[in-house]
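> build the 3D model from these lines:
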Amino acid sequence: MKNQIIRFKAKTLSTVAALLVAAHPAWAVGPFTLRDIQVEGLQRIEPGTIFASLPFRVGDNYSDDKGSAAIRALFALGLFKDVRLEVNGDVLVVIVEERPTVADVEFVGTKEFEKDALQAAMRDIGLTEGRPFDKALADRAEQELKRQYINRSLYGVEVVITVTPIERNRVNVSFNVTEGDVAKIKDIRIAGNKAFSESTLRGLFDLDTGGWLSFYTKSDRYSRAKLNADLETLKSYYLARGYLEFRVDSTQVAISPDKQSISITLNVTEGERFVVSGVKLEGNYLGKEEEFKTLVTIKPGEAYNADLVASTTKGFTDYFGTFGYAFARVEAKPEIDRVNNRVAFVLQAEPARRAYVRRISIGGNSRTRDEVIRREFRQFESSWYDGDKIKLSRDRVDRLGFFKDVNVETVEVPGTADQVDLNVVVAEKPTGNLLVGAGFSSAEKLSLTFSVKQENIFGSGNYLGLELNTSKFNRQLVVSTTDPYFTADGISRTYDVYYRATRPFNDQGGDYQLITTGGGVRFGVPFSESDTVFFGAGLEQTTIKPGTNIPASYLAYANQFGFTSQSLPLTIGFARDSRDSALVPTRGRFQRANADFGVAGDVQYVRGNYQIQQYIPINRQFTVALNGELGYGKGLGGNPFPIFKNFYSGGLGSVRGFEQGTLGPRDITGSFIGGSKKITLNAELSAPFPGAGNDRTLRLFSFFDAGNAFGQDDPIRLDTLRTSVGFGLSWISPVGPLRIAIANPVKKEPGDRIQKLQFQIGTSF
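From the prediction side, this is the model:
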């Protein structure tokens, strides 16, 4: 078949005209009995599809009314662009012309979207390979494509659809797109505001008129969804500051004739500022009124705050839930005194009926096994509904880190008065993690850190990790796996196998090495919902491999205790994490403590480490982060602390501005050998990146660091701590958290190794 190019630029006549022809009196035939039914014109469709749609069979009586019904039924299948009926004696011939099917869908000129995303959008409306094609489908596809572009503020987009027929009644569909320029927000105006300045209110919005980082944030691109979110933010801002009757009267969005700029005007009415005059309780509080009163956060004498009203009603509802009342209703009714601008609240409560949980259903977990989610639940089936346990269960599932979103819905069981079902719906996210770090110095040159971690391998909830660190002086390979539910009670088990080859830094280099190989097992025992204690044991061998320029301290230790040492370390640890986010924390605290005991073998020692992090939000944009870490080690049985167990200080994760691991004691060869004691203090203030608006994935931070390592016989003296100040950039990049720091050492000593620029992907402090 010779290819033809058909451009759809005008509407064509509908094939429904065939119905009118079939019904025309000139085509009328008298009723007769069908001896046979024949079908012509089929290419891909089975004849059975035709026969199943006809309202008559061979041997039935045929009439014009039945013929019209047959044509309508065949057109309704959506498979044909033309249908005719011909009568040859007592034989009915059904002649059809199949709609072409789509062979390929192609996009030309699309830069704003990935082609896979556009093809998925076309599939949703039925335009995909193997599906029937017609003009109506082409029109829907064009409108959908334009809608996608309008959502990206590309209002000037032009779409031309080219349909090319090919063999076997198929067509290739090509979308030729001229995207045009992005329509940017030129102006945002707020009219009617008196209490707060226009600039203050505009600062609440994610939408803005753009800045030098708009290419990244795209905050100057209009989106109806973003505007609605900003309107809710504006409303919440007023309602939290006493303006009980605030409202947005109108929203006007105007686009320029050239479709390149957008102006937004908001008209608001602030109303008067109201002060809370009192709060009282009415209704049934199960005889626990005093307990409920402790949950009231609305404060008489202060400005009305919608957030406090909402938190109070939610607190009441949740508290009713702890007693099994899943359907409790709590309403805060305002009694407004407009003369004095005061408002009193009546908290009306009706607990309704107590309920059992009949069934817990889980959905959305295409990868993660149901068991992984169910074992985190503290609310059980066939038990009283308990709001606290349901919230705890939801939080425990969320803390697994396997899901972007976790929702628990309470659904009444039809036909019962005291039963509910819980529907747990999760949205999975990638649980693999690739971390890459790099540093450069005149001594170690380029050092690389690489790790691959899978926190939910095969959907089992188990962890498997591989870490590889390499540099001129330090090499490390660690393989670790964790089963978080080694026992049904939630005791975890972790296996570690590791190999480390290090050379303490010195100016002369050398080919000596400190090689440590070993493995261990540890168990995590949950003592509460938020606290876990770890116990473990291992087997470790450390070899001091002599070579050129070996540090004198290592050689002296080897001559006294041997070049190879075996030990059986026992470990105990504790962890607690209440941060609101592991990647971008703004509030909460993280603590961990661990201790190693070398109780048998050639070396006997104790070594402990404690770290605490505190995140304090100043406001929506600024956060203070504090970090403290203390390490201490001591030899047992009259032996010195093993030199290869020393702590190191300096560099990323410690005192920025100094080269990694170069702070603390040195031996007579000038090698940095670390110490048996370490202290690290960090403080950071993070702020939005200029032009990035409220985007929390791109932040600036300033910092102050202090720390040092100390020898076994040296006291920890604060006046010997090295300090530095500086600033940096943090970015949640596609391959992990990236942090770049520029530091200036403040307290330093002669001989300290300075490294002002440092960066790493996958680190915190």
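> tell me which element T368 is part of?
Counting by DSSP states H and E, there is no helix or strand that carries T368.
> thinking it is in contact with G461, fair?
Yes: between T368 and G461 there is a contact under CB atoms under 8 Å: 7.2 Å. In this view, the C-beta of every residue, glycine as well, is placed from N, C-alpha and C.
> between those two, what contacts are shared?
Both T368 and G461 are contacted by F402, under the criterion CB atoms under 8 Å, 6 or more residues apart in numbering.
> would you agree I572 falls within a strand?
Yes: assigned with DSSP: H, G, I helix; E, B strand; the rest coil, I572 falls within a strand.
> ok, now which ones touch it?
Contact analysis of I572 by CB under 8 Å, 6+ apart lists V533, F534, F535, G536, N594, A595, F597.
> before we move on, what about A488?
For A488, the contact set (CB under 8 Å, 6+ apart) comprises R375.
> mean confidence for stretch 633-642?
Here stretch 633-642 scores 87 as its mean pLDDT.
> cool, and stretch 322-333?
Rounded mean pLDDT across stretch 322-333 is 90.
> and if you look at stretch 748-756?
For stretch 748-756, the mean pLDDT works out to 89.
> now swap in stretch 84-93 and tell me
Averaged over stretch 84-93, pLDDT sits at 90.
> contacting residues around it?
The contact list for stretch 84-93 (CB under 8 Å, 6+ apart) reads 18, 22, 29, 32-40, 62, 67, 70-71, 94-96.
> torsion angles phi and psi at R353?
Here is the backbone geometry of R353 (degrees, to the nearest 10): phi -120, psi 150.
> now it: how far from T416?
Look at R353 and T416: by CB to CB, to the nearest Å, they are 10 Å apart.
> do the same with A625
Taken as CB to CB, the span from A625 to T416 is 50 Å.
> quick one: which of the two has more around it?
The neighbour count for A625 versus T416, taken as other CB atoms under 10 Å, is higher for A625 (19 against 11).
> my guess is that one contacts A683. True?
Yes: when contacts are counted by CB under 8 Å, A625 is listed as touching A683 (7.3 Å).
> contacting residues around the residue nearest the centre of the chain?
Nearest to the mean C-alpha position of the chain, counting by CA atoms, centre = their mean, stands K404 at 4.6 Å. Taking CB under 8 Å, 6+ apart, we find K404 in contact with A427, E428, K429.
> just checking: what are the partner strands of the helix or strand containing it?
Per DSSP H and E, K404 falls inside strand 403-412. Strand pairing for strand 403-412, using DSSP bridges, gives strand 419-428 (antiparallel).
> who touches the strand it pairs with?
Outside of strand 419-428, the residues within contact range by CB under 8 Å, 6+ apart are 326, 355-368, 373, 379, 385, 390, 394, 397, 402-413.
> show me what secondary structure element comes after whichever strand or helix holds P745.
Assigned by DSSP H and E, P745 falls within strand 736-747. Tracing the chain past strand 736-747, the next element assigned as helix or strand by DSSP H and E is strand 754-755.
> run through the neighbouring helices and strands of that next one.
Packing partners of strand 754-755 (3 or more CB pairs under 8 Å, 6 or more residues apart in numbering; DSSP states H and E): strand 657-658.
> helices of this structure, start to end?
17-23, 47-53, 64-76, 115-125, 135-150, 198-202, 214-217, 224-239, 289-293, 306-322, 370-374, 387-399, 552-561 (DSSP state H).
> which of those helices sits closest to G573?
Minimum separation from G573 across these (CB to CB) falls at helix 387-399, 18.3 Å.
> what about the strands in the stretch 451-600 of the chain?
463-470, 474-483, 492-502, 513-526, 532-545, 564-577, 588-601 (DSSP state E, counting those that start in this stretch).
> columns distance to A120 on top of the ones you listed, output as a markdown table?
Output for the strands of the stretch 451-600 of the chain, formatted as a markdown table (distance: least, CB to CB, whole Å):
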| stretch | distance to A120 |
| --- | --- |
| strand 463-470 | 31 |
| strand 474-483 | 36 |
| strand 492-502 | 39 |
| strand 513-526 | 42 |
| strand 532-545 | 42 |
| strand 564-577 | 37 |
| strand 588-601 | 38 |
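> distance to G674 and mean pLDDT added to those, as TSV?
What follows is those, written out as TSV (distance: least, CB to CB, whole Å; pLDDT from 0 to 100):
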stretch	distance to G674	mean pLDDT
strand 463-470	17	82
strand 474-483	12	88
strand 492-502	10	91
strand 513-526	11	91
strand 532-545	14	91
strand 564-577	17	90
strand 588-601	15	89
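> these: which one's closest to G242?
Set against G242 and scored by CB to CB, the strands of the stretch 451-600 of the chain come closest in strand 588-601, at 29.5 Å.
> what's the pLDDT at S733?
For S733, the predicted pLDDT is 68.
> related to what we said a few turns ago, among the contacts of I572, which one has the most neighbours?
The most crowded member of the contacts of I572, judged by other CB under 10 Å, is G536 (20 neighbours).
> and which of the contacts of K404 is nearest D752?
K429 (43.1 Å).
> distance check, the closest one against D398.
11 Å.
> who has more neighbours, those two?
Between K429 and D398, counting by other CB under 10 Å, D398 is the more crowded of the two (16 against 12).
> how many residues are close by the nearest residue to that one once chain neighbours are set aside?
Leaving aside its sequence neighbours, D398 sits nearest to V406 (CB to CB, 6 or more residues apart in numbering; 4.6 Å). V406: 21 surrounding residues under other CB under 10 Å.
> same check, this time on P750
For P750, the count of nearby residues is 4 (other CB under 10 Å).
> check contacts around it.
Contact analysis of P750 by CB under 8 Å, 6+ apart lists nothing.
> which PyMOL command selects the buried ones in the contacts of strand 419-428?
Of the contacts of strand 419-428, the buried ones can be selected in PyMOL as follows, counting by 16 or more other CB atoms under 10 Å:
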select buried, resi 326+355+356+357+358+360+362+364+365+368+373+379+385+390+394+397+402+403+406+408+410
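> ok so, going back, relative to E129, which of the strands of the stretch 451-600 of the chain is closest?
Distance to E129, taken as CB to CB, is lowest for strand 463-470 among the strands of the stretch 451-600 of the chain, at 38.2 Å.
> strands paired with that closest one, and their directions?
Next to strand 463-470 in the sheet, as set by DSSP bridges, lie strand 445-454 (antiparallel), strand 474-483 (antiparallel).
> got the ones you listed as TSV, with mean neighbour count and distance to E245 columns?
Formatted as TSV, the strands paired with strand 463-470 follow (neighbours: other CB atoms under 10 Å; distance: least, CB to CB, whole Å):
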stretch	mean neighbour count	distance to E245
strand 445-454	15	53
strand 474-483	16	55
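> which residue is the nearest non-sequential neighbour of R396?
Take R396 and drop its neighbours on the chain: the residue closest to it by CB to CB, 6+ apart is E376, 4.1 Å away.
> count of neighbours near the one you found?
22.
> tell me the contacts of it?
Going by CB under 8 Å, 6+ apart, E376 touches S393, R396, V397, L400.
> equivalent analysis for L266, please.
L266 neighbours (CB under 8 Å, 6+ apart): I188, R189, I190, A191, L231, L234, V248, S250, T251, Q252.
> returning to what we had before: thought the residue nearest to D398 was touching S393?
No: judged on CB under 8 Å, V406 makes no contact with S393 at a distance of 9.5 Å.
> what do these two both touch?
Overlap of the contact sets of V406 and S393 (by CB under 8 Å, 6+ apart) is empty.
> enumerate every residue touching the closest residue to Y62 other than its chain neighbours.
Sequence neighbours aside, L34 is the residue nearest to Y62 in space, at 5.1 Å (criterion: CB to CB, 6+ apart). By CB under 8 Å, 6+ apart, L34 lies in contact with F56, R57, V58, G59, D60, N61, Y62, D90, V91, L92.
> what do you get for L681?
If you count contacts by CB under 8 Å, 6+ apart, L681 has them with N627, G628, D705, A706, G707, L721.
> now pLDDT and neighbour count too, for those, in CSV please.
Converted to CSV, the contacts of L681 look like this (pLDDT from 0 to 100; neighbours: other CB atoms under 10 Å):
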residue, pLDDT, neighbour count
N627, 96, 20
G628, 96, 16
D705, 96, 27
A706, 96, 19
G707, 96, 23
L721, 94, 19
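> alright, calling it a day.
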